[in-house]
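>>> The following comprises the amino acid sequence and a computationally predicted model.
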Amino acid sequence: MSATAVVILNYNGQPLLEKFLPSVVSHSASARVIVVDNASTDNSVAWLSQHFPALERIVLPSNLGFCGGYNAALKQVQAERYVLLNSDVEVTSGWLAPMEQVLDRFPEVAAVQPKVLSEQRRDHFEYAGAGGGLIDTMGYPFCRGRLFYYLEKDEGQYNDEREIFWSSGACMMIRSEWYHQLGGLDEDFFAHMEEIDLCWRLHRAGRKVYYTGHSCVYHVGGGTLSASNPRKTYLNFRNGLSLIYNNLSTLELVIKFPVRLVLDWVAAFKFVLSGTVRDGLAVWRAHAHFFAHFEREVKRRKRSTHLGYRKSKTQYTGWIVWDFFILGKRKASDVLD
């Protein structure tokens, strides 16, 4: 069994593979690099065969989404540690070692992420992960270096190593035993917030999630769905409800779930008033889907009740919506200090 396997899930991403795969191969000599093709209809597989004939690859017979694609592929990969790496990520020299060292030093840590900067604005943090993922008392995710749409400039403020709540799915190193023990990514999510759900289950199982600023990658973001795509809005709001329904204790759920519904409706009206009607409608469709499939949500919650509902000390006890939109706080340091 190899120590580390870097696994890249690709769907119609030949241009991204051309741009970023060479750096992954050149900077990952100590690990296996595996490209998983999620039933692409472009020239991805042929391009891989021509330019990286010796590289390991797994070709899936149908598009299983982000979650299903990784789950199906990782059942075929024997390694102590997996790195789930997006195809639109540029890695840097020595990027693997700091994450491997965290897992070697701390047996209780199950997953770790590097610093995630923007590939376009390289001195700024990127939306998906930034300086480590956190979550507030209402289940709203945010990051050190990113509150909602505000992205901080990287000035070394997050060059530390510390415990966080969730690791970015753009680049996550996770112990294979815990990935499989918890059933991997929840395939009902399809894409978006699935890594937060997995990390929340890790916390509930008594494990920790870490961040190391000694490793750095650059992420394009929106490689599958752009930020302005109503499909992305739909998935974020639908999965946001599933996230808290599955992972909050019963008492918290009774108190907080109705409040979350109202806040989502407010967001939908805000979308409409700002002229992005399709995003507003996407929120309503997300809620309609959640309640139309409520029986499935109940079954999903029951599947993880054995983990308990212990709280992580990394969960922010405040309300990030209030901090950002009412108090005008823009940096994680303003919120956490």
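Cool, the structure landed. Keep in mind that what you see is a predicted model, and the values were worked out from it rather than measured.
>>> Which segments of the protein make up each domain?
Under the assignment automatic domain parsing, the domains of the chain span 1-87, 230-312.
>>> Just the CA trace of the host helix or strand of Gly69, in CSV.
Secondary structure assignment for Gly69, by DSSP states H and E: helix 65-74. Output in CSV follows, covering the C-alpha atoms of helix 65-74 (Å, rounded to 0.1, in the frame of the first residue of the first chain):
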residue,chain,number,x,y,z
GLY,A,65,-21.0,13.7,-9.7
PHE,A,66,-18.2,14.9,-7.5
CYS,A,67,-19.2,12.7,-4.5
GLY,A,68,-20.1,9.6,-6.4
GLY,A,69,-17.1,9.9,-8.6
TYR,A,70,-14.7,10.0,-5.7
ASN,A,71,-16.5,7.3,-3.8
ALA,A,72,-16.4,4.9,-6.8
ALA,A,73,-12.8,5.6,-7.6
LEU,A,74,-11.4,5.5,-4.1
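>>> avg pLDDT for it?
Averaged across helix 65-74, pLDDT comes to 95.
>>> Outside of that helix itself, list whatever touches it.
Here helix 65-74 makes contact (Cβ atoms under 8 Å, 6 or more residues apart in numbering) with 7, 9, 11, 34, 36, 38, 58, 60, 63-64, 82, 84, 169, 176, 179-180, 184-191, 194, 224. Bear in mind the C-beta positions are built from the backbone N, C-alpha and C, glycine included.
>>> so who does Arg207 touch?
Listed by Cβ under 8 Å, 6+ apart, the contact set of Arg207 reads Glu108, Val109, Ala110, Ala111, Trp178.
>>> tell me which element the third one falls in.
Put plainly, it is Ala110. Ala110 belongs to strand 109-118, assigned by DSSP H and E.
>>> Specify the residue positioned farthest from the middle of the protein.
Centroid-distance maximum for the chain: Gln50 at 31.1 Å, with Cα atoms, centre = their mean.
>>> Name the SS class of it, please.
Under the three-state scheme (DSSP: H, G, I helix; E, B strand; the rest coil), Gln50 adopts helix.
>>> Would you mind measuring from it to Ser87?
17 Å (Cβ to Cβ, to the nearest Å).
>>> now swap in Leu60 and tell me
Counting by Cβ to Cβ - Leu60 and Ser87 are separated by 14 Å.
>>> higher neighbour count, the two?
Under the criterion of other Cβ atoms under 10 Å, the comparison of Leu60 against Ser87 puts Ser87 first, with 25 against 18.
>>> residues contacting the more buried one?
Contacts of Ser87 (Cβ under 8 Å, 6+ apart): Ile8, Leu9, Asn10, Gly13, Leu16, Leu17, Phe20, Leu21, Gly223.
>>> Reformat those into a markdown table and put distance to Thr317, pLDDT and secondary structure next to each item.
Formatted as a markdown table, these follow (distance: Cβ to Cβ, whole Å; pLDDT from 0 to 100; DSSP: H, G, I helix; E, B strand; the rest coil):
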| residue | distance to Thr317 | pLDDT | secondary structure |
| --- | --- | --- | --- |
| Ile8 | 37 | 98 | strand |
| Leu9 | 35 | 97 | strand |
| Asn10 | 40 | 97 | strand |
| Gly13 | 39 | 96 | coil |
| Leu16 | 39 | 97 | helix |
| Leu17 | 42 | 98 | helix |
| Phe20 | 38 | 98 | helix |
| Leu21 | 42 | 98 | helix |
| Gly223 | 34 | 44 | coil |
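>>> of those residues, closest to Leu151?
Gly223 (17.3 Å; Cβ to Cβ).
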